[in-house]
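Novice: give me coordinates for this.
(2 chains)
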Amino acid sequence: MMEANTLREVLLENLTAFERLQPLLIVSGGAVLLLLVGTFSRFGQRYGWMLFGAILLSALMTVNFSGHTLMGGTLQLTPFNGLIQALLITFGLLLVLFREVRQGEVEYQFLLLSVIVGSLLMTMVRDLVVIYLSVELTSLASYALTAFSGRKKGHEAAMKYLLTGAISSAVMIYGISLIFGASGSFLLGEIPAPTGPGLVGWVLLIGGLLFKVSIVPFHLWVPNTYQMAPTSVVGFFTVVPKIGAFVLLRAVLHAANSEPLNHLVIALALITIILGTFSAISQKSLKRLLAYAALAHSGFLLPLVVWPGQALQGAFFFYAAIYALMNLAAFYFVAIHERKGDVLLGDLDGAGSANPLLGGAVVVIMLGLIGLPPTAGFSIKLLLFTEVWGQYQSGESALLITYFIVGVLSSAISLYFYFKVPYHYFLMTNEGKVKRLTLRDQLITTFFAALLLWCFIQPQIFDNIVVTIGKP
Amino acid sequence: MSSYLLSIITFLPLLFALVIGAIPSSMTSSLKWAALAGLLLQLLFTVVLCLQFELPAASTPYAEAFQFVEKVTWFELQMGDSRGFRVEYFMALDGISLPLIVLSSLMLVIGLISSWSVTQKLKGYLLLYMVLATSIVGCFLALDFFLFYLFFELMLLPMFFLIGIWGGERRSYAAVKFFVYTLVGSLLILMVMIGLYTAVQDDSGRLTFDILMMMNPDQFREGSWLTLSSHATLWGLDLRLLAFLALMIGFAIKLPSVPFHTWLPDAHVEAPTAISVVLASLLLKVGGYGMIRIAYGIFPDAAAYWAYPLAVVGVVSLIYGSLAAMAQNDFKRLVAYSSVAHMGFVLIGLASLTKEGMSGALFQMVSHGLTSGALFLIVGVVYDRTGNRRFENFSGLASKMPMYTFVVVIIFFASLGLPGLSGFVGEVMVLMGVFSSASSDGLLSVGIGVVATTGILLSAVYFLWALQRMFFGNYWVREREWEPHMKDLSRRELLALIPLVILVIFLGVWPRAVLDVADVSLQQLQMTFQNFR
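Specialist: This is a model prediction of the structure:
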């Protein structure tokens, strides 16, 4: 990075930076445009989703996979960040499959785009103030999205989300001020690794981020929010802001580079897995079940961002991509059932005999979420636990082996609740009202399920992506 | 020697599953014939396999006794520069797996014949049955741990639905219990698989899932924790001992052995007849096979360390299973508990770490595969006719159903170990193994052998008692409306039972058919224990 002295040089540098930040600019600019178009023309209101798609598509085309440091070190582009951004944008794009998104108001699409902007920012920011900004941007839009179902309960969930979110951002900003006070810098790269009492600021900052990735004890907003928000939004929440926040967490943890902090985070991940898994058992509502299960999944993703080194980037990307695919499929499945009025697990009784294709697909999706072969859900769990075992082997730690054993065995419990869906689908019978779902919906879900199988059989594609993009 | 015979045998049912998928569900008889054609073709190829199988020379090393080897890289996942994965499609067959493959292809056909009467959701049933067939056979052939694990897990899913949809009254409870129990077992296996993967490398220094390399102490990476010399500990126990234990528990759940057997009676009682047959004669064998091939093969040191406790667990299974069988009023439950008892012999035979014991264990697996399959068919005969299978509701069936009684007598006597029938051979060899192990270096004590012998006695008690209660005495059934149904075996039932009766007699008279095939491999396997006894 060159040292900028004159105003002209500063401007020039920022202009080149803008060129590299095209996806971010396109999505944020597009969001504003979408809002304007939708406000002033009925046509725009109706076909806003096409613009929504076009914005994300063009953002996807401009994702930058090279490594750069921009804006005086505020933003850091790496091939890995580029990959994650492409993943997030792709996921956003696939949201148009949900009817809610297509038929929703432009404000709805605008808020989705805002969360995407915040999440994209989270993947590359290296400056404490902008970190706060990106987290807040994501959060504020998320609060509004939660209330978008229009139901009273939705407002209640949004309010809870807002309150817990406000507390956690207060905690975070307090942490940031402590770190800045101790080091005199906002840039992650310039702050020396903390020792002793200096850790307090980092713990608070990380606490704020753990809120975004829904790790215990910052998870309290999750069940209500997920249950009450529109289904497409829930699927979106479990992927886009979460993965963005994970990447940010990764940068922060690596900057802190502190063994006790890493252990603390892994311990929290362990507790999250246990709590999420056990809470999911007793759920009767399909969405709430998946909400707790998503909680447990956060606990699985977390270790991959803890350990330093380039090596885990590929693994994290693989995990994140498959995780996103599974959640998209699962929530799409929920959405199509919700439209038929099926909210509780019991409502699915006997649906398998009327919709065998969808039934087969949902078995595959649930297998993936549990982490069983022959789905890519197994591949990512295997990758994760091999890494955990490897770390354990290189530095004997009781925590890691506990994580390893508990994490692996928790699959048996998650089988119990995830398989309630196929259980109600096929093992229960329902005299009389058997609901047929449209072929289109069935085919889309089946396509996702087939993709999960295919990624298990041919995972090299991810390898190829990582290798190609890793070498510019 | 390179051929695709093993892949053909494994994936033929899956291929026919696609065919079945394409046939509309209203054409029930075409569906059944397509399934039967697929499985008969599989059986045919298995016969070809037997004909082409060459008995290895006496001193062939374990790893070189494998034939029909297929080995290609399936996928490599580097993920940047993390340690990544390399999985091979590695299938091969040796004398240990050959008898089990033959057993599988045969029992799958017989199972299908006995499911001929299924009418409800036939297409789904057959599809799942074919997937099950592929996964069972794949398990016996895979030599890459990842591949083995894949087939091992794949077995659970069709089984879950087959019990859960087509089962009896408490089917959903039984299906979930079966799935959760066996999944816990396979997760334990998964942990060891991960540990082994990070420890074992091939000749070019890359990590590998190859089971044969895992068996070779020289292939372990310097400083990894599962090497023989590492002595890394967890909770005060050597990690290798723990890993072996995890594998054994994983497979013991499948076997099943006390105290992990409680899923079995429920699953058996609720499953439809054909599925009980497949469950008892094949799925349980995967547990025993996994012990021989993986647990004992990779951790001979730990096998020697845990020999005595394992033998005790085996004896407890045997005695407990027999006593529980004695207390049952339900015919099917009795057969289920007798499975637990008979699998106890497998555990005892393996624990003896002698060649007699291990051959006996393998033989017991094959023999039990035939007899337990036949026993469940026998239960199915009464159940199909009356919808009931409690002993107190029947008496003197011999006078009304002479053929049926004839088959029952032969199979009962084979199960309880009458000389000249197949059950005798396995049990006696296991006992020989125990006594020779006790007399040579005292690895096991004579007491184990003595108690195991009483186990045989107990099995005679419950089988003979069942025979006496149900088949002898004056003819009587509880319900008047059952009367017209109490006819002797139908042609289809005979078709399923007669091959089993013939084989049970054949193996009893000429056990070398199995023993000679497995001889060299078991001999070599047994030698690895010598250093650790």
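Novice: surely B:Phe11 touches B:Ala133?
Specialist: No. Contact between B:Phe11 and B:Ala133 fails when scored by CB atoms under 8 Å: they sit 10.0 Å apart. Every C-beta, even on glycine, is put in place using the N, C-alpha and C of the backbone.
Novice: more neighbours: these two, which one.
Specialist: Neighbour totals were compared for B:Phe11 and B:Ala133, and B:Ala133 leads with 32 against 17 (other CB atoms under 10 Å in any protein chain shown).
Novice: enumerate every residue touching the residue nearest to that one when sequence neighbours are not counted.
Specialist: Spatial nearest neighbour of B:Ala133, excluding adjacent residues (CB to CB, 6 or more residues apart in numbering or on different chains): B:Pro13 at 3.8 Å. Neighbouring residues of B:Pro13 by CB atoms under 8 Å, 6 or more residues apart in numbering or on different chains: B:38-39, B:42, B:108, B:130-131, B:133-134, B:137.
Novice: for B:Pro13, grab phi and psi.
Specialist: For B:Pro13, the backbone dihedrals are phi -60, psi -40 (criterion: degrees, to the nearest 10).
Novice: how close does it get to B:Ser115?
Specialist: For B:Pro13, the distance to B:Ser115 equals 14 Å [CB to CB, to the nearest Å].
Novice: B:Leu143 too?
Specialist: 31 Å.
Novice: residue in the stretch 351-500 of chain B nearest to chain A?
Specialist: Closest residue of the stretch 351-500 of chain B to chain A, CB to the nearest CB: B:Gly387 (19.5 Å).
Novice: got the contact list for the spatially most central residue of chain B?
Specialist: A centroid search over chain B (CA atoms, centre = their mean) returns B:Lys285, at 1.0 Å, as the residue closest to the centre. The contact partners of B:Lys285, by CB under 8 Å, 6+ apart, come to B:100, B:103, B:365, B:368-369.
Novice: redo that, cut-off 7 Å
Specialist: Listed by CB atoms under 7 Å, 6 or more residues apart in numbering or on different chains, the contact set of B:Lys285 reads B:100, B:365, B:369.
Novice: over to A:Leu437?
Specialist: Residues A:336, A:340, A:355, A:358 are the ones in contact with A:Leu437 under the rule CB under 7 Å, 6+ apart.
Novice: now do 6 Å
Specialist: A:336, A:355 (CB atoms under 6 Å, 6 or more residues apart in numbering or on different chains).
Novice: that one sits in which helix or strand?
Specialist: Element membership of A:Leu437 [criterion: DSSP states H and E] is none; it lies in no helix or strand.
Novice: against A:Leu427, how distant is it?
Specialist: Computed as CB to CB, the A:Leu437 to A:Leu427 distance reads 19 Å.
Novice: follow-up on the earlier one: of the contacts of B:Pro13, which is the most crowded?
Specialist: Top of the contacts of B:Pro13 by neighbour number is B:Ala133, holding 32 neighbours under the definition other CB under 10 Å.
Novice: go ahead and confirm it touches B:Met107.
Specialist: No. Taking CB atoms under 6 Å as the contact criterion, B:Ala133 and B:Met107 are not neighbours in contact, 9.9 Å apart.
Novice: show me where the stretch 351-472 of chain A has strands.
Specialist: In the stretch 351-472 of chain A, no strands are found when defined by DSSP state E, counting those that start in this stretch.
Novice: and it, which residues reach chain B?
Specialist: Applying the criterion CB under 6 Å from any CB of the partner chain, the portion of the stretch 351-472 of chain A that neighbours chain B consists of A:372-373, A:385-386, A:389-390, A:393, A:408-409, A:411-412, A:415-416, A:426-427, A:459-460, A:463, A:466.
Novice: what's the PyMOL line that selects buried ones from those?
Specialist: Buried residues within those, as defined by 16 or more other CB atoms under 10 Å in any protein chain shown, are selected in PyMOL through the command that follows:
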select buried, chain A and resi 372+373+385+386+389+390+393+408+409+411+412+415+416+426+427+459+463+466
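Novice: what's the least confident helix or strand in chain B, going by average pLDDT?
Specialist: Counting by mean pLDDT, DSSP states H and E, the weakest-scoring helix or strand in chain B turns out to be strand B:233-234, with a mean of 76.
Novice: identify the residues contacting the longest strand belonging to chain B?
Specialist: What stands out as the longest strand in chain B, according to DSSP state E, is strand B:67-77. For strand B:67-77, the surrounding residues in contact (CB under 6 Å, 6+ apart) are A:459-460, A:463, B:3, B:5-6, B:84-93.
Novice: give me the distance between the residue in chain A positioned nearest to chain B and A:Val466.
Specialist: Relative to chain B, the nearest point of chain A is A:Gly314 (3.3 Å; CB to the nearest CB). For A:Gly314, the distance to A:Val466 (CB to CB) stands at 4 Å.
Novice: dump the residue contacts of the residue nearest in space to the middle of chain A.
Specialist: Taking CA atoms, centre = their mean as the criterion, A:Val239 is the residue nearest the geometric centre of chain A, at 2.5 Å. Residues in contact with A:Val239, defined by CB under 6 Å, 6+ apart, are A:91, A:324, A:327.
Novice: quick one, phi/psi of it?
Specialist: In terms of degrees, to the nearest 10, the main-chain angles of A:Val239 are phi -120, psi -60.
Novice: can I get stretch B:314-322 in PDB? Just the C-alpha atoms.
Specialist: These are the backbone C-alpha positions of stretch B:314-322, laid out as PDB (Å, rounded to 0.1, in the frame of the first residue of the first chain):
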ATOM      1  CA  GLY B 314     -19.500 -63.100  24.900                       C
ATOM      2  CA  VAL B 315     -20.400 -65.600  27.600                       C
ATOM      3  CA  VAL B 316     -22.800 -63.200  29.300                       C
ATOM      4  CA  SER B 317     -24.500 -62.700  25.900                       C
ATOM      5  CA  LEU B 318     -24.700 -66.400  25.500                       C
ATOM      6  CA  ILE B 319     -26.200 -67.100  28.900                       C
ATOM      7  CA  TYR B 320     -28.300 -64.000  29.100                       C
ATOM      8  CA  GLY B 321     -29.700 -64.500  25.600                       C
ATOM      9  CA  SER B 322     -30.500 -68.100  26.300                       C
END
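Novice: chain center to that stretch, what's the gap?
Specialist: Once both centres are worked out by CA atoms, centre = their mean, to the nearest Å, stretch B:314-322 turns out to sit 18 Å from its chain's centre.
Novice: same question for that stretch, mean pLDDT?
Specialist: In this model, stretch B:314-322 has a mean pLDDT of 94.
Novice: how about stretch B:72-87?
Specialist: The average of the pLDDT scores along stretch B:72-87 is 77.
Novice: about what we covered before: which residues sit against the least confident helix or strand of chain B?
Specialist: Under the criterion CB under 6 Å, 6+ apart, residues B:Leu242 lie in contact with strand B:233-234.
Novice: could you point out which element follows it?
Specialist: Next along the chain after strand B:233-234, taking DSSP H and E as the criterion, comes strand B:237-238.
Novice: strand partners of that next one, parallel vs antiparallel please.
Specialist: Strand B:237-238 pairs in its sheet with strand B:233-234 (antiparallel), by DSSP bridges.
Novice: I am finished for the moment; much appreciated.
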